[in-house]
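In: What shape does this take:
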Amino acid sequence: MSLATGGRFSGQSRSGGRKVLLLRRSVTATTATFSYPSAHALTKDGAPVDAEHIRSVPLFVGLTDDELASCAEPLSEFEMLAGSSLAKQDDFAYKFFIVLEGEVDVHRDFELINQLGPGDIFGETALVKGEKRNARVTARTRCRLACMMAWDFTEMTERLPVVAERVAAVVDARTD
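Out: Here you go, the predicted structure:
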């Protein structure tokens, strides 16, 4: 049964989705939760990333075409509006990010500590160290980003030592 044929709106769920109470012939009731993408997302999450889009990212410079393709495959691309929250300090880390276009601000304890742009990465420190996020990251401008899940990041760094070394160098530079 749809809303148009007798269901009714009954509020907002904790996850941000809308809760709808669907009534069936006054004998039983069923609750369904519908989730919506982030209000700040401009494109659907999960758009595939073309290997050519990451070829110039310093993390991947010099990789063979096959290595580059294997790095691009688990990446998802999305766009965010300026002001959008991308990572929250003290949250558990489960994604790694690459800035493809635009700029992001990095804050630690409400102090601006870095600004990142195209080709820069973030989210790596928490994944490498197995810790919670040590900073909050927000979109300074409209951004196009690529991200991969933590398990894909771990697999990539284990398979490609040169990428692991470059990530370790970034972690070292950011934690000094």
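In: From here on, just use CA atoms for contacts and neighbour counts.
Out: OK.
In: can you pull the buried residues of stretch 50-66?
Out: 51, 54-55, 57, 59-60 (16 or more other C-alpha atoms under 10 Å).
In: Just grab the bridge partners of residue 144 for me.
Out: residue 79, residue 101 (DSSP bridges).
In: how much space between the most centrally placed residue in the chain and residue 105?
Out: Nearest to the mean C-alpha position of the chain, by C-alpha atoms, centre = their mean, lies residue 147 at 5.0 Å. When distance is defined by C-alpha to C-alpha, to the nearest Å, residue 147 is 17 Å away from residue 105.
In: Show the contacting residues for the residue nearest to the centre of the chain.
Out: 75-77, 95-98 (C-alpha atoms under 8 Å, 6 or more residues apart in numbering).
In: Farthest pair within the buried residues of stretch 50-66?
Out: Greatest spacing in the buried residues of stretch 50-66, by C-alpha to C-alpha: 51 and 59 (12.8 Å).
In: check contacts around the closest residue to the residue nearest to the centre of the chain other than its chain neighbours.
Out: Using C-alpha to C-alpha, 6 or more residues apart in numbering and skipping residues adjacent in sequence, the residue nearest residue 147 is residue 97, 4.3 Å away. By C-alpha under 8 Å, 6+ apart, the contact set of residue 97 is 121-124, 145-148.
In: Kindly reformat the residues you listed as CSV and extend each row with secondary structure.
Out: Compiled in CSV, the contacts of residue 97 are given as follows (DSSP: H, G, I helix; E, B strand; the rest coil):
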residue, secondary structure
121, strand
122, strand
123, coil
124, helix
145, strand
146, strand
147, strand
148, strand
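In: For these, please prepare JSON lines with the additional fields distance to residue 169 and pLDDT.
Out: JSON lines is the format used below for those (distance: C-alpha to C-alpha, whole Å; pLDDT from 0 to 100):
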{"residue": "121", "distance to residue 169": "12", "pLDDT": "98"}
{"residue": "122", "distance to residue 169": "13", "pLDDT": "97"}
{"residue": "123", "distance to residue 169": "14", "pLDDT": "96"}
{"residue": "124", "distance to residue 169": "11", "pLDDT": "97"}
{"residue": "145", "distance to residue 169": "21", "pLDDT": "96"}
{"residue": "146", "distance to residue 169": "20", "pLDDT": "97"}
{"residue": "147", "distance to residue 169": "20", "pLDDT": "96"}
{"residue": "148", "distance to residue 169": "19", "pLDDT": "96"}
